[in-house]
Structures are given as C-alpha cells and as structure tokens.
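[1] Fold the following.
(3 chains)
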Amino acid sequence: VARRLELNADRLFPAEPTVRSIARELYSQVAGRPLVSPHGHCDPAWFAGNAPFSDPTSLLVTPDHYLTRMLFSQGIPLTSLGISEKGQGDELSPQTARAAWQVFAQHYHLFRATPSRIWLDQTFSELFGLDVELDGDTADHYFDVIGDALTRDEYRPRSLFESFNIEVLATTESPLDDLRAHERLATDGWGNKIITTFRPDPVVNPEHDGFAENVAALGTLTNRDTGRWDDYLASLWERRQVFRSFGATATDHGHPAATTADLSREQCQQLLTAALSGRLDKHEADLFRGQVLTEMAAMSLEDGLVMQIHAGSRRDHNPPVHRLYGRDRGADIPGPTDYVEALRPLLNRFGNDGRLTVILFTLDESAYSRELAPLAGHYPCLLLGPPWWFFDSVEGIRRYRRAVTETAGYANTAGFNDDTRAFLSIPARHDLARRVECGELAYLVSEHRLSLQDASELAEDCAHRLARRAYRLRVR
Amino acid sequence: VARRLELNADRLFPAEPTVRSIARELYSQVAGRPLVSPHGHCDPAWFAGNAPFSDPTSLLVTPDHYLTRMLFSQGIPLTSLGISEKGQGDELSPQTARAAWQVFAQHYHLFRATPSRIWLDQTFSELFGLDVELDGDTADHYFDVIGDALTRDEYRPRSLFESFNIEVLATTESPLDDLRAHERLATDGWGNKIITTFRPDPVVNPEHDGFAENVAALGTLTNRDTGRWDDYLASLWERRQVFRSFGATATDHGHPAATTADLSREQCQQLLTAALSGRLDKHEADLFRGQVLTEMAAMSLEDGLVMQIHAGSRRDHNPPVHRLYGRDRGADIPGPTDYVEALRPLLNRFGNDGRLTVILFTLDESAYSRELAPLAGHYPCLLLGPPWWFFDSVEGIRRYRRAVTETAGYANTAGFNDDTRAFLSIPARHDLARRVECGELAYLVSEHRLSLQDASELAEDCAHRLARRAYRLRVR
Amino acid sequence: VARRLELNADRLFPAEPTVRSIARELYSQVAGRPLVSPHGHCDPAWFAGNAPFSDPTSLLVTPDHYLTRMLFSQGIPLTSLGISEKGQGDELSPQTARAAWQVFAQHYHLFRATPSRIWLDQTFSELFGLDVELDGDTADHYFDVIGDALTRDEYRPRSLFESFNIEVLATTESPLDDLRAHERLATDGWGNKIITTFRPDPVVNPEHDGFAENVAALGTLTNRDTGRWDDYLASLWERRQVFRSFGATATDHGHPAATTADLSREQCQQLLTAALSGRLDKHEADLFRGQVLTEMAAMSLEDGLVMQIHAGSRRDHNPPVHRLYGRDRGADIPGPTDYVEALRPLLNRFGNDGRLTVILFTLDESAYSRELAPLAGHYPCLLLGPPWWFFDSVEGIRRYRRAVTETAGYANTAGFNDDTRAFLSIPARHDLARRVECGELAYLVSEHRLSLQDASELAEDCAHRLARRAYRLRVR
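    Next up, the predicted model:
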C-alpha cells in the first residue's frame, strides 16, 4: 500500500505548544502575502514564450542539481537520470523521461529530512493534488498526473506565475544576453513582474570559460575596444543601463572569494591586457575580479543598482563530471571565506555611503557571527543576504538568525530570496522560509525577548518588506 | 498609545514548562547573589569623584558602541547622536543631548531581539521605573525621568554601586595611568570594592598610537632606560607591583592574534629597538607582542597576577570613522583566530604550572569546540573566559556552554564578567547571564544529564564562584 | 549521606513531551539491536587471553585520556592517578590502584555534564549494580565492588563481549603487528566477532617515532627492500592481505591533515629516500603521507578495504607531558582542517568510483556544513564518519546531524562507531548514540519534517545498518 502524502498545517513549526501557537499566529498573518523573488535563475524565455513545460523529469529532476548530486553521491549514474553527456540542452524522449523519473522515485528516500523533499512534497501535494508518497511503486502515477497537468493551460508558465501570487521575479542574465525574452515580456506588459539582473561573471572573471571571447563580444555589443580599460568599464556601464531599462535593480557577482581591490588605472590596464591573453596567475585573476567589484560599487553609486556578492564556492571541483556533463552538476564545493580583509578596499572607498547597498552571501557559516554580522552591524552600505544554497533550509535559517540577529538585528538583513531555477518550487521555498522565520520569532516571544507586536512587525519584514527594501523594489 | 514596558519574571528561560520550572528554581537561588565584576571598563573617576552623571545621552548612548554602531549601520550619522568629530570628551549641551536622545529613541526598534535592548529595557524599568516602551513619542518622557533621577543622590555612582549589590568591580588602566582615582578610592575605604587591572597594550603593542612615546613615558615613570630590554621588562614589573597595591589581581591583553613567542634576549633587544624607531613589519610587531605575553606569564608566576588574553579583534577597520571620531566606534571586526599554534611558545614554558592562570577569550566561535575547550581541558594554566563582546548574549552563552562543557567541563571556565563601560547596565548583564546559565543547566537536568543537586552547585559556580576563583578574588 | 545513582529511562531524550514520547518509541525499537563496532582501539590480547581485568583503576582510569586530561587540567598530577613516568605498561600495586581511584573519585564532580560521566554512570549502574554516586566517600565501596566483580568469570573479556551483545568489534593494528592475538581468536572461533583494521601510520608517517626502523621492519616482514618505492608499496599491499585474512574490512589513517597527492613514481622514490634518512621538511612529510593515502585508495579499489581518514589532530602538543608520560595523554589538540583542496588529488583519480569507500572524520566542526556535507553529498566514494572524539557526545551528535543531514542526507553517513579503548564503556556509548539519534529523529517528526515510518527506518539505519553497510560487514 502506498503511504499517504499529507501536509500538516503545523509543519516546520517548533513542537513546544506555546511556541507553536505563537508561530501559527504569526504565520497566518503573512502566509498569503505576495511572493517577492528578487534573486533567482528562472529562464525568462519560459514566460516570454509561455509554452507548456514538456515533462515531469525535464521540469523537476534533470535541471535540479540538489537532486542529481544526491543521487550521484549514492552511485546513480547521471545518464540514468536523463542527463546526456553532451549537456542539458537535449529534449528527453517520453521513454527516457519516464525511465529517469522511475530511477528518481525509487531513490526518493535519500531525500528524507532534506529541504528538497520538503519543497517537492509541497509541490506535489498543493500544485498537482497528489496524495500518496512518491516511491518506485507510485512513480508512474506521479509521472502521469504531473505530465497531464503540464498540458493544461493553467500550468503554463504565466498562469503558474499568477497562481503562485508572485509579485516580482528577478532572473539573472549575462551582459552578453540580448535580453530578447525580457523585451517580449515588456511588450506583453510583464515588464514589472519579471525583471533582469546584471550578472557580469562571464566578462569579469578571467577564469571563466571563454573570457577573452566574451570580452570581445562585449566590445562588439557596445561598439568599443574592450581591450582598453576605460572602454571595458564604459561597456559594462552601458550594458548596466540596458539592463536597468529591463527592470534590473541589482547586479550579482559569483566569485570564489570576496576579494576587492583598489588599484591604479595603470595596474588595471596591465591586468586586463594579461587577462585577455590568458597570462594571469590565480592571485592576479582574483585581484582582477576584486578590482571589478570595486568598479561596480562605484557605478552602483551612480545608477543605484544594488550589488550582490555570492562568494566562496569553488566551482567544478570534479573535473570528470565537468568534462562530461558540464557545469552546475552539484560539484561546486565551498571553502573558508574571508570577508574582513577581502572587503577592505571596497569598504574603505564606499563603505560609509548609505546610497550604496552591497548584499553579502556566504557558504561559510562560521563567518556569520565572526565577520558578517559585525560588518553589517557597522557599515551603512552592507546588508546580509539570506542563507544561501546548502543553507536555504530549516536548520540553515535557524542557525543564521541565531548567529546574526544579536549583533546585526533584523534591519541589516536582506529578507528572503529563493535563488532557484526550479520555478515550481518557488511557493514552497517561500512558505518554508516564512514558517521558519515565524518559528524563530515565536521562540523569541516565548522567552520574552521580543513582544508579540514586534514579532508581528518582523514577520512582515521577513516575508516581504526586507526584500523589497534591500532590492529597491517599488511596491505596486 | 504607548506600549507598556514590563519585565516578565520568566524572561530568558526556555519555554518548555518542565525546563522553565527548573530554570526558575535555580535562578531564584542565585538571583540575589552579589555581583562579581572582575573585568570591565568603567571609569574609576566616576566613583572617586562621585559626581552626578550629567544626562541620559552621555550616560547611556554616546559611549556605548553597541548602540552607536547599529544606528550608524542604518544610516544615522554619528554626529546626530551627540558624537562630535573631535572625540567623545566634550560635554553635550542640554539641547544636543535631548535631540540625540530623540534620534536614538526613534530608532530603538533596530535593537529588537538584541542584548542591548534586553539590558536597556531592564535598566529603564528597574532603575528608573519606566513603564512604557521607548520610541519617538516617549523619548522626551524618558529623557526627563532619567535626567531628573540623575540629579538625585541615590543615583550618584557610589550609591548605585551599592544598590547594585556589586561586591567587587575591576576597572582597566594603562601602565601610564597615575592611578589617582584608585588612590582616592583607597583613601575613602573603597579599595576593596573597586580595583584596577594592568592593561599594558599602549606600551607593548608597537602598532598602538604613540607607542614610542608611551614607552619613553614608562621609563620616566620608573626612572629607567626603557630602550633597553631588561629595563623595559623591569619597568613593566614595577608598574605591575604598583597596580597590585591598588588591588589588581589581573592583567589584560587585547591583541589582534593570540601569538606568543620565546625569543633570545638578543632578539628581544633587536625587536624593541626596531619597534621604538617604527621599523617593525606586521609580522615582527606580532612577534613583539607575543614575546611580551610570554614575559608577562613569567612575571605572573612571580606576582600571582592572572593573565587575560582578549585576542582576535581587528581594530579600527573603518579608517574614515577612526580619523573623524576616534577609537571604539564599533568598527572593530573579528577574524579567524588560531590558538593552538599561537600559544605553543608560552604553553611550552609554563603550560603545566598550575600556579599560573591564563584566561582566554575569543571572537571566533568556531574555536570553542575545536581549539579552546581541548586546550583548557588539558593545560593546568588555562581557563576559558566567558562569551565576549558580540557573544555576551542569550544565544552566545548557549552556544558557548554547548560547545565547551562536554570537553572542558564547568571548572575550566572563568565565570561571567560584564566587560562593560556601561555602568548602569551591569545588573542587567549579570541577570541575563544568570538566567541563561540557569536555563542551560535546567536543559541538562530535564534530559537527566545532570542531577538537580549538581545543577544547583553549578548555578552558584556560574553566578559568582567561578569568577572569584579564576580572578583570585578574596571573599569578603 | 551518599546520593543515589539512578538511570532515568528517558535520559538524553528532549524534554518536550511530544518529542520525548516519539523518541522513546523509536528508541524502544532499536535499543536491543546488537552492537556493531567497526572502529576502535580495544586490545585484542584481552579477548585472546581472556584473563580477568586486574583492578578498577587500570581498567577504567589510567588508560582513559578523557579522564586523565580533565583531572590534569585542574592540577591533579598524572602520577597521583597511577600513571608512571616511564609509560603505562607497569601494573599498579593494589595500594596505588586504590589511592589513584580515591583521587579520581574525589574529583568526579569535574565530569558533570560531560559524556565521560554519562558513560561511566551507566557502566557503574548497569554493569556493576552500583546505586550510589561516586565521590570521595564512596570511593572505597566502588573500588571493592568493581574489584570483586572483576575476579568473577562473567566479567572476563569474552563473557562481557557476549553479555554486551556485540556482533562485531574491530581493533586497530600496525602493519608491524604479528596479529598473534587475532590468530588465537580465529583458532577459537572468534574470528568473525573480533576483526583487525589496517592502520599503517607507523610506516607511512615520516614524523612517526622510529619511522625508518619501522619501514625497515616492514621490509623484514615481507622480505622486500622497502627503501625502493615499488617494494614499499608491495609490502603494504601484502600486509593488507594478511590483515584481510584476519577479518579486516578497513584501513585507518590518523593524519594531521587530510592532504592527498598524486605524484610521479620518481618523485615518490625521492620522497621515500629522503624520508628514510630523516631529511623531509614539514611540507614534504605532509606530501609523503598524502601520496600514501592516494596509493591506499588505489589498493582499496583492488582489495575492497574501506578507507578511514581521521584528520586534523595535532598530536602531543605538550612536549613535557609527552616526554615524561608518552602519547595519548590528552594533549592532542585539533586545528582547522581543509578537506576541499586537500582531497582533490585523490578524488580526481578515484572520486567517482562507487566501488571505493572513503570515510571522513573531522575535529573541525565548521567543516561539517561548509565542506564535508557538500563533498559527501556529491562524490560517490565519500561517506562521513560519525562525530569523533570530543564530539562523540549529546551535543556533538546533535550538531552533526543538524549540520550534515540537509545537504548529505542520512545515506552519506557511516553510522556510529565508538572508537574507544575503554571496553567497558562500549554499551553505554552505543546507547548514548542511539538515544540521541532517536531524539533527533523525533525532533524532525514533531515538526512534520519526517514521517514516523521514515523515522523508524532511519533509527534502524543509525543503530546498526549504516555502520554495517559503510564497513562492508557481513550480517550474520
């Protein structure tokens, strides 16, 4: 017999009855608030074209490296999950999709007590009305139910967007992107709902695949000689303005370290020249990225774009997997991340200017209480981003608030963002965050460390206000 | 309508009813114990002169960098808080004080769920009888009530000291201090109540402002040529003995790292000579400080002074703020701190000598379970200081006990100290620590990991006995 | 009056009644499962010879560095605990044993709220029927009761093994060990119950006492010239096969860092030659050990032995104690441990091969969520060992599961192992782990993050299945 899948109304709240009842009260207040999603990786083409999603596997499994890495870690070949050796672009045949779904379902028990399981179960139950647990026996039933739903109009991207009650969703694009999807969205009156984010990694990270070609392409786009430092910067500036015209309120920077730099123009030109000819060593590449961060901060002071720094991931730790299956396969592994020395050059120039907003993310939780909360609790320009990646989870959010709040308060944090390419999971992710934040507030109230009235204010902050403020989103 | 300010009798106790009732029982046993304050930064001149405190802002806001940095981080200019660009010495006009108080009150919500809020609310309620919450509307009421109280005799420093039930309070002075305040206190029969602590940073840290002048002044004081290593050490020794005559039982060392060294006399002389002419690089400066720590340990074996090492703060991370407003403005940011290798030279010489006591403090919580508890759980000379600075808080104390106790027990910890220059907050700080310690003990009792009788013993230890023992304070 | 010693049936379960009742239910299911002990340091000669244990002190105090270091840290001389300056080999006279026991008993309060206390109290109560607490007054009573018991047949090693319900116990031997104890056990039909583990540190760590002599002795054993790299490896291989014939399913490697390497054969020969003549610097010694780890992984792919890497302990931090009393006196202190870069060379070669199992242990808890869970949640060959050493405790296990599970799940962890030389504590250690694991599962169930049915499966996994699977133990 299949096991019943039911979502308990009190899920993710602490068990202690007094705390739980406060959590429930706070949550009921914010549960229905629109979703504000200022950072993520959904494909804007989904919403521009509004074509139906193809099949359950391509939609829910193959692109989700949280899922594929866990299966891989337990010996499941990536190919058996429908991931082809050439890349993720190919469409799956119905047979392949169904077989891969079966493999996934048979190993669904691996996700017990993980956030992936919580997000998926909520999606299965609320979005598709499934009421038995996923396993090998129910795999076909799931595949059929979800597959059928996806053919219906109300499961097309724009309909889902609206039924999810999303107020605004930011996607993330390279400066080389033609932004045609966003153009189409603007034409269709969706420009305020789906906005872009300026993510210049491909043209500012000398270690990025095809860096020199990318910088040349940037020059072609802007009709400038991007081998010259001034033109290079001017090109970046011009692309930022184009991005702003498609709603961007933020930039995003995914760097291995939080290094920033403040070099002379001459040094900058030398680094750029060497970078373009592939002659930088690891330290110089880091310095180059760090210089660009400082330049981006200077531009942000001009154009008002909020900076996001996602530091600390060592990408593609597994060369064979990278070679065969490409990026984003779950082999990006964090390491210790220094913020205090690394951010000095940028902070020395702009740290006290409240017109600048820099949002810091970490994969090194030991930095929360030691470095990040003290920095954010002092510098006017700094905010702390929500728990990122491995830490966007029940325990992750709890540890974050307990490590950060006593030093930096709530006002120096940037609210929740889902940071996902798994569009269907967005409601579940926000719901998880809201439940856990309300549980944490209830914990404080139960110990008389916070009044219920203040908790109610902070529940609203966590659910949507902090994110709107941090990302300078206009309320509609 | 203003919101009521009420202190719940069960505040800071865990919510679970069984745990809470045990916590309440343990706390009721120790709540009234005298306050032992073996480390802090109150100004002894307050008690020597016993003049009334001037106004609420100068007393409670401008000198408290926990408050001013949080306000600054949210864009409030320091000048609007009554902090003048020249330094903190100037007295505030009544208008300026009131205006700054208003700014503070309007932003008091920033401190929700922080220890500052807990300390202040308790002070407002218990000391000043205020029964509405502080905000923009009640700011003037607060200013008037507190201001009036400060004019009354029972709010003078010595009266407060007695009404706070403080048994002993240690202040912290430079070797260059003339100790005149302590002399006056001794004359007035207060010598056992307010004692000094020997904090030689200005004459042992080559990176300290005015180091060479300070060392020269030290020579003048002791009539020695402090450019010679032996005289330099002898001068330090002599000042220690003067400090001992004013009650000092401890030294204190605020260093960026926990480095210690054990160099030859020749190397020491070379470092001193170079230090005095400003020729040390960062590494050598660190080595010099480290050598002094080892020398201090040798002296402690002779004169019995307990050593405190407060390591890991990178001071004055924000140069513009330092330049305009001076030190202690909330821009001291921690970084990772190594203890295991750093302390080797000192421990190799003196680590097994139980006559020496070295109390270690950290701003890098990852070191608690990895380095500090294993070190303190082995070396006879080592004790762990209580959670310091950012971690003198509900969550900070909980994390500390859970990270430390299983390896080092309670007996290798040094009890609570408030480490504050905010005199009025001392009762609230001790009360917070006692409540949280009792809550932690109750948690252990509730899981049958500790008997109630043992918990009762440990509650006394945490409240006052461990501090007395660690700092070699005589019980009166 | 002596205080009663009683073990509460609900000990170590969370206090909240709903959580506790779930924990109790899960625990009752697994409490009676056989003990699987795949890693530890019991002496196989105890079971081979099956002689009675001599006295309470030699059995329970002197060899347990958890106990002796805590006492030493509070100023108790090691000699007063019956530890002679020459080493631990000497037998204690009855008078010395009793006097040392008295010292231990008088300071037993130091262990309040530590795992040592929990293990010992359970052993005292369950194994020896003691019903008063240990202290100075009851010391003689304890010494007599335990001493008498040890003379009885049912307290001989083999009887205890069976009454403890141990299914399999792995000991740990050097490649130079003659394995005579295991030979005797095999002859007596105990070969499946007590197995060896291949721990080559003495012949692969150039910084080990007597390294060159050890490598020469290895050559004598295998009749090979171990000064030649190929013969050296072949000798290790041959000894592995001998260990396998005595039941070994695993190797174990206790290294200061997790460094691995992948050097050319020529470089390997150069390092070996230099190592044997004592000419390696610290970095080269680390590289040599790292190269051996990679070679061991290659051999494991051939012979199926599971690799354990216990990294991060800086051994013998206290030279005077090492000189006078030898190794394992509680002066091994952890430090920060990098896994991500250190394991690259090994993982690049073998990381994706599911036939290899490498179990990682840490003494740096900050690595759990930052490095170890992401690595184990990706690489097919990696599993995370249970909380080790200082962290084999209530809080240690809780922190581990909360830091690891959301990223790596349960299936990437290796189950519990007691890692002890304190044979009598084995039942208490497994019991503690089972109770705490069930408490954690109950916590998840109470928040509806896990179904009760899944929790029941995972309770079995944690109690015995994960360990059997990780160490490739055959179920009997």
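[2] The spatially closest residue to residue A:115 that is not a sequence neighbour - how many residues pack around it?
    Closest residue to residue A:115 apart from its sequence neighbours, by CB to CB, 6 or more residues apart in numbering or on different chains: residue A:393 at 4.1 Å. C-beta coordinates here come from the backbone N, C-alpha and C atoms, glycine included. For residue A:393, the count of nearby residues is 27 (other CB atoms under 10 Å in any protein chain shown).
[3] same deal with the one 10 residues further on?
    Other residues within reach of residue A:403 by the criterion other CB under 10 Å amount to 24.
[4] And the closest residue to residue A:229 other than its chain neighbours, what's its pLDDT?
    If the residues on either side of it in the chain are set aside, residue A:229 comes closest to residue A:269, at 4.4 Å by CB to CB, 6+ apart. You'll see residue A:269 listed with a pLDDT of 98.
[5] and residue A:269, helix, strand or coil?
    helix (DSSP: H, G, I helix; E, B strand; the rest coil).
[6] Can you give me the separation between it and chain B?
    27 Å (CB to the nearest CB, to the nearest Å).
[7] cool, and residue A:255?
    Counting by CB to the nearest CB, the gap from residue A:255 to chain B is 19 Å.
[8] tell me the SS of the residue nearest the centre of chain A?
    Nearest to the geometric centre of chain A sits residue A:419, at 1.8 Å (CA atoms, centre = their mean). Three-state call for residue A:419 (three-state DSSP): coil.
[9] List the residues that contact it.
    A:39, A:40, A:41, A:388, A:389, A:392 (CB atoms under 8 Å, 6 or more residues apart in numbering or on different chains).
[10] Now, of those, which are buried?
    With neighbours counted using 16 or more other CB atoms under 10 Å in any protein chain shown, those contain these buried positions: A:39, A:40, A:41, A:388, A:389, A:392.
[11] residue ranges with poor pLDDT in the stretch 51-200 of chain A?
    A:86-90 (pLDDT under 70).
[12] Please report phi then psi for residue A:166.
    Note on residue A:166: its backbone torsions stand at phi -80, psi 130 [degrees, to the nearest 10].
[13] Grab the nearest non-local neighbour of the closest residue to chain B within the stretch 101-250 of chain A.
    Sorted by distance to chain B under CB to the nearest CB, the residues of the stretch 101-250 of chain A start with residue A:249, at 18.7 Å. Distances taken as CB to CB, 6+ apart place residue A:472 nearest to residue A:249, at 4.9 Å, with adjacent residues excluded.
[14] got it, and residue A:146?
    Closest to residue A:146 by CB to CB, 6+ apart is residue A:56, at 4.1 Å.
[15] residues contacting the one you found?
    So residue A:56 contacts A:97, A:101, A:142, A:143, A:146, A:147, A:150 (CB under 8 Å, 6+ apart).
[16] neighbour-wise, which of those residues leads?
    Most surrounded of the contacts of residue A:56: other CB under 10 Å gives residue A:101, at 26 neighbours.
[17] Kindly provide the distance from that one to residue B:293.
    64 Å (CB to CB, to the nearest Å).
[18] One more: residue A:472?
    Counting by CB to CB, the gap from residue A:472 to residue B:293 is 49 Å.
[19] who's more crowded, these two?
    Neighbour count, other CB under 10 Å: between residue A:472 and residue B:293, residue B:293 has more, with 26 against 13.
[20] in the helix or strand hosting the more buried one, what counts as buried?
    Per DSSP states H and E: residue B:293 is located in helix B:282-303. By 16+ other CB under 10 Å, the buried positions in helix B:282-303 come out as B:285-297, B:299-300.
[21] As CSV, could you dump the C-alpha coordinates of that helix?
    Below are the C-alpha coordinates for helix B:282-303, written out as CSV (Å, rounded to 0.1, in the frame of the first residue of the first chain):
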residue,chain,number,x,y,z
LYS,B,282,53.4,43.4,10.7
HIS,B,283,54.9,40.0,11.4
GLU,B,284,57.6,41.4,13.7
ALA,B,285,55.0,43.6,15.6
ASP,B,286,53.0,40.4,16.2
LEU,B,287,56.2,38.6,17.4
PHE,B,288,57.0,41.5,19.7
ARG,B,289,53.6,41.4,21.3
GLY,B,290,53.9,37.7,21.6
GLN,B,291,57.2,37.9,23.4
VAL,B,292,55.7,40.3,25.8
LEU,B,293,52.9,37.9,26.6
THR,B,294,55.4,35.2,27.5
GLU,B,295,57.3,37.7,29.7
MET,B,296,54.0,38.6,31.3
ALA,B,297,53.4,34.9,32.1
ALA,B,298,56.8,34.7,33.7
MET,B,299,56.0,37.7,35.8
SER,B,300,52.6,36.3,36.7
LEU,B,301,54.3,33.2,38.1
GLU,B,302,56.1,35.6,40.4
ASP,B,303,53.5,38.1,41.4
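[22] how distant is that helix from the center of its chain?
    21 Å (CA atoms, centre = their mean, to the nearest Å).
[23] mean confidence score for it?
    Mean predicted lDDT for helix B:282-303 stands at 98.
[24] which residues does the residue nearest to residue A:115 contact?
    Residue A:393 neighbours (CB under 8 Å, 6+ apart): A:114, A:115, A:387, A:432, C:406.
[25] Just to check, the last one is in contact with residue A:117?
    No - counting by CB atoms under 8 Å, residue C:406 stays clear of residue A:117, with 9.8 Å between them.
[26] That'll do, ta.
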